[in-house]
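In: build me a model from this:
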Amino acid sequence: MATTAKTATRSPAARKSKKSTEATTAAVDPIDTTYLQSLMGYNARRAALSIIELFLERLAPYGLKPVDFSVMSTIHHNPGVTSRQLCAALNLLPPNLVGLIQSLEARGLIERKPHPHDGRAVGLHPTDQGIALMQQAEQTASDLEVEKTSRLTAAQRKTLLDLLQKIYL
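Out: Predicted structure coming up:
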């Protein structure tokens, strides 16, 4: 009865507009995306977007965006890595890395130390705070990837990673 009362108070134009929208939505035929689904880039992008959306949400408490996470993870697992090595490993442009390194250093997550073999280079090292943060953040990232790939077996996950890496490595 409440619905009837609401409908009765709407103008005829508003009722017609709502009915028209409902009819259009119901009348839409299924969309053929077969060709798009045959494209590697389309599928990779769709899969990445579904993971990145959750990644951004789950890693927000750590103050890490995907590129921050990648840089911190690489430093965490390679203490003393240089900026040049980071750029090569992560396909980053040096000017883009400069501000990111400054930001991570200002947050107390990394520190610069002289490189032991190259007097001109500076090695990047995680601080104790950076190590603790990355242990938690990497566990969060691993958990969300297992969640997002729950329809795959462990072997299928490994195969998918191997195949994707054959494209860009």
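
In: looking at this structure, which helix or strand is least sure?
Out: The helix or strand of the chain with the lowest confidence, counting by mean pLDDT, DSSP states H and E, is helix 2-9 at a mean of 47.

In: can you list the low-confidence ranges for this protein?
Out: The chain contains residues with pLDDT under 70 at 1-26.

In: please repeat the previous calculation with a cut-off of 90.
Out: Across the chain, the ranges flagged by pLDDT under 90 are 1-29, 115-121, 168-169.

In: geometric centre of the chain: which residue is closest?
Out: Ile52 (2.9 Å; Cα atoms, centre = their mean).

In: my read: it touches Phe69, true?
Out: No - Ile52 lies out of contact with Phe69 (Cβ atoms under 8 Å); the separation is 10.9 Å. Backbone N, C-alpha and C define where each C-beta goes, glycine included.

In: distance between stretch 74-94 and the chain's centre?
Out: Here the centre of stretch 74-94 is set off from its chain's centre by 19 Å, with Cα atoms, centre = their mean, to the nearest Å.

In: buried ones in that stretch?
Out: Buried residues in stretch 74-94, counted by 16 or more other Cβ atoms under 10 Å: Ile75, His76, Asn78, Gly80, Val81, Thr82, Ser83, Leu86, Cys87, Leu92.

In: ok, and what's touching it?
Out: Stretch 74-94 has contacts (Cβ atoms under 8 Å, 6 or more residues apart in numbering) with 67, 70-71, 97-98, 101, 104, 110, 113, 115-116, 118, 121-126, 130-131, 134, 138.

In: among those residues, which are in helices?
Out: Val67, Ser70, Val71, Leu97, Val98, Ile101, Leu104, Gly130, Ile131, Met134, Glu138 (DSSP state H).

In: excluding chain neighbours, what is closest to the second one?
Out: Right, Ser70. With sequence-adjacent residues excluded and distances taken as Cβ to Cβ, 6 or more residues apart in numbering, Ser70 is closest to Leu90, at 5.4 Å.

In: measure the residue lying closest to Ser103 once chain neighbours are set aside to Thr159 for me?
Out: Once flanking residues are discounted, Ser103 sits nearest to Asp68: 7.8 Å by Cβ to Cβ, 6+ apart. Look at Asp68 and Thr159: by Cβ to Cβ, to the nearest Å, they are 29 Å apart.

In: those two: which is more packed in?
Out: A count of neighbours by other Cβ atoms under 10 Å puts Asp68 above the other of Asp68 and Thr159, at 18 against 12.

In: re the thing from before, make a PyMOL selection of the buried ones in the contacts of stretch 74-94.
Out: Here is the PyMOL selection string for the buried members of these, based on 16+ other Cβ under 10 Å:
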select buried, resi 70+71+97+101+104+110+123+124+125+126+130+134+138
